[in-house]
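> Take a look and give me a structure for this.
(chains A, B and C)
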Amino acid sequence: MSASSVQHSDDGHAHGHGHGHDGEFSHPMPIWMLLAVFFALLILTCLTVYQSQFDLGNMEIWASLTIATVKAGLVIAFFMHLLWDKPLNMIIILGSLIFVALFLGFTMMDADGYRENLIMNETLQESQPPAVNVAVSK
Amino acid sequence: MSVVTKPVTMPAPSFEAGTEDNYLTHTTGFLSWALTLDHKRIGLMYLAGVMASFAGGGVLALLIRLHLWNPNIDKTQALFSNQVYNQIFTLHGAIMVFLFIIPSIPAALGNFLLPIMLGTKDVAFPRLNLGSFYLWICGAAFFLFSLFATGLDTGWTFYTPYSIESRGPVVAATMGVFVLGFSSIFTGLNFIVTINTMRPPGMTWFRMPLFLWATYATAIIQVLATPVLGITVLLLAAERVLGIGIFDPKLNGDPVTFQHFFWFYSHPAVYIMILPAMGIISELMSVHSHKGIFGYRMIAYSSVAIALFGFLVWGHHMFTSGMADVTTIVFSALTFTVSIPSAIKVFNWIGTMYQGTVSLNTPMLYALAFIFLFTIGGLTGLFLGALSVDLHLHDTYFVVAHFHYVMMGGTLVAFLGGLFHWWPKMTGKMFNDFAGIVSAAIVFVGFNLTFLPQFVLGTRGMPRRYASYVEEFQDLHRLSTIGAMMLGAGLLVAGLTLLHSLFYGKKAPMNPWGGATLEWECQTPPPHDNFSTPPTVGDPYDFSNIEYDPKTGGYFKKK
Amino acid sequence: MTTTVAHDTSANHQVEGHEHPSWLAHHFDDEQQQFDAGKMGMWLFLVTEVLFFSGMFCAYALYRNRNPEVFEFCSRFLNEKLGAINTGVLLFSSLTMAWAVRSSQLRETKTLIGMLGATLGCAAIFLGVKAVEYSHKWGLGLFPGKFFQSQLEHPVHTDNNYLWNLSIVPMILLVCFALYYAYGVIIASKFHQRVAGPLVIAALCFFGGVGLGTFLESEEHEEGSPVTHNATGEHAAHADHDHEHDHAQEHAVAESVKPAINFVAVDSTGMHDDVAVTPAELVTPVSAVNQKGMAGLFFSIYYCMTGVHAVHILGGMAVLTWLIVKAARFEFHSKYFGPVDNVGLYWHLVDFIWIFLFPLLYLIT
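Numbering: from 1, shown residues only, chains lettered A, B, ... in the order given. Coordinates of the predicted model:
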């Protein structure tokens, strides 16, 4: 594909063939690397189970999400060999996260905003004692 | 002007032969179509499918207008009962949106044209392409079922909580939408990959025809937004079957969330509908003005910009739904950003015509109608994007008129223009240009007669989706109904013109309009593999070496 | 532009000259292009998957934000151990899948089939454990939304029925695969044996998963029913009970936590003693949480997320089977391993989703 790499170089786009050399596009991962990533993932799983024993209050969800993100990063970078992949594919998958953030961000921002107007349905079951308003939090 | 070394295929002699193998005659038999992996045949099958859906949706639209001929205050005089009326407008909306507009340009014209314009043999995943067509058929079957079952009456938006309680076949319809969504995703995915990885040498990003840019931007939206629709309708189906309660206020679920989910897809989907239409207009304007496109890069960038901005504005559908005040303001402000790239396009199209040699033939007339109608549709969109105005106009005929100007005056008219433009290439037959011009004129007049009165109705407070109205609106409603009949007649003329050409049309030359993009360097109709040798790629809007050949009635590219 | 056009014609026309090998589709120029296209397509598909799941994550975030105490209360019905085991199983399957990609590139077909089989087996174990979890919850009446029945006071244990129903299809499959294997042995076809072997093992793995799940679930019961166990909230709290005799223990636990069970700390500090002394405005009666629109909603989200995830596992198993067939035909080599690689990407994404689901659903304190 030398011809195409020549013509792509001039358009300045985030496209382009990641591997310089012709013909060979398989990158067998070394076994030690696979095993190392696997054990790192296992350790992180143990860590996240372990940290859930402690009560960190509001931090708890962020702690577990951070660990999960690190794990997901390992999976993507090594098992999915994104590190050796074309930059475009990295842009694609990371770009999608921007849209997820948009979706979640706007929807949650809005839900937070109108929450005070919500009327919670507290009498879903008969034989309920008049309960404390469960919508209250914080 | 160019130092191209490749021998240019001589148009005239090769055409005269007339017996070559083309994609229509390559193989024969029903199975050779049903199991074809050829993007051109798949495009044609899509074309037949979307046209049939359009005819169905159109008949429903005429029924709506006929029903509204009278105010229907007296129920016994009404053409339909309120319930039936609800079902008719629901199916009209759902069929037009999901079965017609969304697949119309990308899946039918796009499938046919994209690989040829790009200079490749096929799309990247031909099997997926065929699969996506059958998904479309499957989704259409679900809709047909909803049509003949007890009747769907939720409106095409399936708003909860009514859609949870409605006795209509909501699950069947949502499954149809789910399946159609995947059909759309696979089409988009195919296009992105094809454009990214299969461009032949010489076809750089900025030598791609603008139709491809538009299709690419559309495909981005299809891939990013449609999955959210998928999960939304899946959750809605689960809501009905399992009573999960996520969107059901009875179970402390939140119906506003449903609207967020729905519009996160459905607003970008509006750009799935209009962007490819803009791409067609960019081609038509340039080719029929015989002049290079004005502001190529700006049009290309604005397509991508529209695709991305389209994700930031979905909340403007929900100003009156109980959103938080701050969110409404943010969404209202963001909504105005979309108008910038749209305005850039309109400006550039007009700039293209300036000092060009404009041929006023059928495709060009449709393109001109598009510019006029789309501009009205776009500008009235700004009214609706403004928070304070929208609170008054929400759910009135103003909204109906606005989105018909964009969807129908925009997308449908561009689709027709594109269809007339590429019809000779697709079928190898020329249509009667005069009949085409007549159809364009009737469509244009009929369209305005139908929907201009609706703007007035809306500002006077006529709510949409009502089966009856007060007497004072009757004149405007009748005007609108007359317009709708005229519009229907115009579309019929257009359809008959095309049908007529299939049987009695002259043989089409290779390049009847004088286009410079690659599809015009391909035989008419294209052979099975599109190009026997990879074509030479030049500037798609360079008309300096295109000359008319009176012998064939078409144009050819000088060496 | 005039100059750049010229050079490319010669570079590319040779494509026409050399014939296409069988693994190269006619519309691609070379293997690299085919591979790149397939891979990019897969990444785009994964993007759609991410956005697809994001809808449910959004629902999760909204309701957790609105009713954190519900999530806290209900998470205790989820068996942390089973979740952790399943996480490990999926991670291991990711390892074997990545290994399979490596083997396909190196043309080590035996290893490849082994690794694909191991991945398939892990998937089956995962589903087996999941089946135990689901059936256990259904036995407790923990259904989604509208069908949620709170039976906290008198939990009925009818898990076996549900579990049995869930096992019917795998059992039929097991029989079919075993027959298929026998057929392969009878006609002495190495190919059929290579395909059927992993399938039989995978079907057995499902029951291994069921066994494992049942064992761990029952262990949990000996420690205390989820309600009592969770009302105290801390392992430390029931650690003392472990020494007691099993029958007496149940009563003792029930007695000791009875006052506590009626309240869930909104902002739990996690200490058992705190629950009793928490000021009234900070606690929500269990009865307010334990109902269709509260706990029911949590279980809706739980079933939607894990259910859709399980459907993806099933889809993954289908394509893995397809890969095994192809691998048994020795189709993969260093120039054609795209299908293995792409299925691998899909499989890792399924793992990726679970990596987030596990702490978000099981580990709420």
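> rest of the way, CA atoms for contacts and neighbours
Will do.
> what does chain B put close to chain A?
With CA under 8 Å from any CA of the partner chain as the criterion, chain B meets chain A at residues B:196, B:200-202, B:204-206, B:224, B:249-252, B:257, B:260, B:264, B:312, B:322-327.
> so of those residues, which ones are in helices?
Counting by DSSP state H, those place B:196, B:224, B:257, B:260, B:264, B:325, B:326, B:327 in helices.
> Give me the buried positions along the one helix or strand residue A:39 maps to.
Using DSSP states H and E, residue A:39 sits within helix A:31-51. Residues A:34, A:37, A:38, A:41, A:42, A:44, A:45, A:48, A:49, A:51 are the ones in helix A:31-51 that count as buried (16 or more other CA atoms under 10 Å in any protein chain shown).
> How confident is the prediction for the residue nearest to the fifth one when sequence neighbours are not counted, by pLDDT?
If I follow you right, that is residue A:42. Here the nearest residue to residue A:42 in space, its sequence neighbours aside, is residue C:88; by CA to CA, 6 or more residues apart in numbering or on different chains that works out to 6.7 Å. Note on residue C:88: pLDDT of 95.
> Now do residue C:88 against residue B:389, distance only.
Distance from residue C:88 to residue B:389, counting by CA to CA, to the nearest Å: 56 Å.
> what do you get for residue B:303?
Applying CA to CA to residue B:303 and residue B:389 gives a distance of 28 Å.
> And these two? Which one has more around it.
Using other CA atoms under 10 Å in any protein chain shown, the more surrounded residue of residue B:303 and residue B:389 is residue B:303, with 28 against 12.
> Is the more buried one in contact with residue B:276, as I believe?
No. Between residue B:303 and residue B:276 there is no contact, the gap being 9.1 Å when judged by CA atoms under 8 Å.
> what is in contact with the two at once?
Residues touching both residue B:303 and residue B:276 (CA atoms under 8 Å, 6 or more residues apart in numbering or on different chains): residue B:214.
> where along the stretch 251-400 of chain B do the helices fall?
B:255-289, B:296-309, B:325-353, B:362-385, B:387-393, B:397-406 (DSSP state H, counting those that start in this stretch).
> Dump these into a markdown table; add distance to residue B:496 and mean pLDDT as well.
Listed next are the helices of the stretch 251-400 of chain B as a markdown table, based on distance: least, CA to CA, whole Å; pLDDT from 0 to 100:
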| stretch | distance to residue B:496 | mean pLDDT |
| --- | --- | --- |
| helix B:255-289 | 22 | 94 |
| helix B:296-309 | 33 | 94 |
| helix B:325-353 | 29 | 94 |
| helix B:362-385 | 14 | 95 |
| helix B:387-393 | 38 | 93 |
| helix B:397-406 | 24 | 96 |
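> what about those helices, which gets the closest to chain C?
helix B:255-289 (7.2 Å; CA to the nearest CA).
> is chain C contacted by the closest one?
Yes. Helix B:255-289 reaches chain C (CA under 8 Å from any CA) through residue B:261.
> how about the helices in the stretch 101-250 of chain C?
Counting by DSSP H, counting those that start in this stretch, the stretch 101-250 of chain C has helices at residues C:109-139, C:159-186, C:190-223, C:226-232, C:235-239, C:246-261.
> Just the buried residues of the second one, please?
Pointing back at helix C:159-186 there. Of the residues in helix C:159-186, those buried (16+ other CA under 10 Å) are C:159, C:162-163, C:166-167, C:170-171, C:173-174, C:176-178, C:180-182, C:184.
> helices and strands around it, which ones?
helix C:109-139, helix C:190-223 (3 or more CA pairs under 8 Å, 6 or more residues apart in numbering or on different chains; DSSP states H and E).
> Once you drop chain neighbours, what's closest to the closest residue to chain B within the stretch 201-350 of chain C?
Evaluated by CA to the nearest CA, the stretch 201-350 of chain C has residue C:293 as its residue closest to chain B, separated by 4.2 Å. Excluding the flanking residues, the one nearest residue C:293 by CA to CA, 6+ apart is residue B:251, at 4.2 Å.
> these two touch, right, residue B:527 and residue B:22?
Yes. Look at residue B:527 against residue B:22 with CA under 8 Å: they come within range, at 3.9 Å.
> Give me whichever of the helices and strands packed on helix C:159-186 is most buried.
Among the helices and strands packed on helix C:159-186, helix C:109-139 has the highest mean neighbour count (mean count of other CA atoms under 10 Å in any protein chain shown), at a mean of 24.
> how about it against chain A, any contact?
No. Counting by CA under 8 Å from any CA, chain A has no neighbours in helix C:109-139; the shortest distance is 12.6 Å.
> quick check: angle from the longest helix along chain A to helix B:296-309?
When chain A is parsed with DSSP H, its longest helix is helix A:87-114. Counting by axes from the mean of the first three to the mean of the last three CA atoms, to 10 degrees, helix A:87-114 lies at 50 degrees to helix B:296-309.
> circling back: please render the buried residues of helix A:31-51 as a markdown table that adds pLDDT to the earlier fields.
Output for the buried residues of helix A:31-51, formatted as a markdown table (pLDDT from 0 to 100):
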| residue | pLDDT |
| --- | --- |
| A:34 | 94 |
| A:37 | 95 |
| A:38 | 95 |
| A:41 | 95 |
| A:42 | 95 |
| A:44 | 95 |
| A:45 | 94 |
| A:48 | 91 |
| A:49 | 90 |
| A:51 | 87 |
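> ok, so of these, who is nearest residue C:342?
Closest approach between the buried residues of helix A:31-51 and residue C:342, by CA to CA: residue A:34, at 17.4 Å.
> Assess the claim that the closest one and residue C:99 are in contact.
Yes. Contact criterion CA under 8 Å: residue A:34 and residue C:99 qualify, at 7.3 Å.
> next one: the top helix by length along chain C to chain centre, how far?
As assigned by DSSP H, the longest helix anywhere in chain C is helix C:31-66. Mean C-alpha position of helix C:31-66 versus that of the full chain (CA atoms, centre = their mean, to the nearest Å) differs by 17 Å.
> so does the helix or strand just after it get close to chain A?
Remark: after helix C:31-66, the chain's next helix or strand is helix C:68-75, criterion DSSP H and E. Yes. Judged by CA under 8 Å from any CA, helix C:68-75 and chain A are in contact via residue C:68.
> Over to stretch C:341-358?
Yes. Applying CA under 8 Å from any CA, one finds stretch C:341-358 in contact with chain A at C:344, C:345, C:348, C:352, C:355, C:356.
> C-alpha coordinates for that stretch, PDB please?
C-alpha atoms of stretch C:341-358 as PDB (Å, rounded to 0.1, in the frame of the first residue of the first chain):
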ATOM      1  CA  ASP C 341      -9.300 -10.700  15.700                       C
ATOM      2  CA  ASN C 342     -12.700  -9.000  15.300                       C
ATOM      3  CA  VAL C 343     -14.600 -11.600  17.400                       C
ATOM      4  CA  GLY C 344     -11.800 -11.000  19.900                       C
ATOM      5  CA  LEU C 345     -12.500  -7.300  19.900                       C
ATOM      6  CA  TYR C 346     -16.200  -8.000  20.400                       C
ATOM      7  CA  TRP C 347     -15.500 -10.400  23.200                       C
ATOM      8  CA  HIS C 348     -13.300  -8.000  25.000                       C
ATOM      9  CA  LEU C 349     -16.000  -5.400  24.800                       C
ATOM     10  CA  VAL C 350     -18.400  -7.700  26.500                       C
ATOM     11  CA  ASP C 351     -15.800  -8.100  29.200                       C
ATOM     12  CA  PHE C 352     -15.300  -4.400  29.300                       C
ATOM     13  CA  ILE C 353     -19.000  -3.800  29.900                       C
ATOM     14  CA  TRP C 354     -19.000  -6.300  32.700                       C
ATOM     15  CA  ILE C 355     -15.900  -4.700  34.300                       C
ATOM     16  CA  PHE C 356     -18.200  -1.700  34.900                       C
ATOM     17  CA  LEU C 357     -21.300  -3.600  35.700                       C
ATOM     18  CA  PHE C 358     -19.700  -5.500  38.500                       C
END
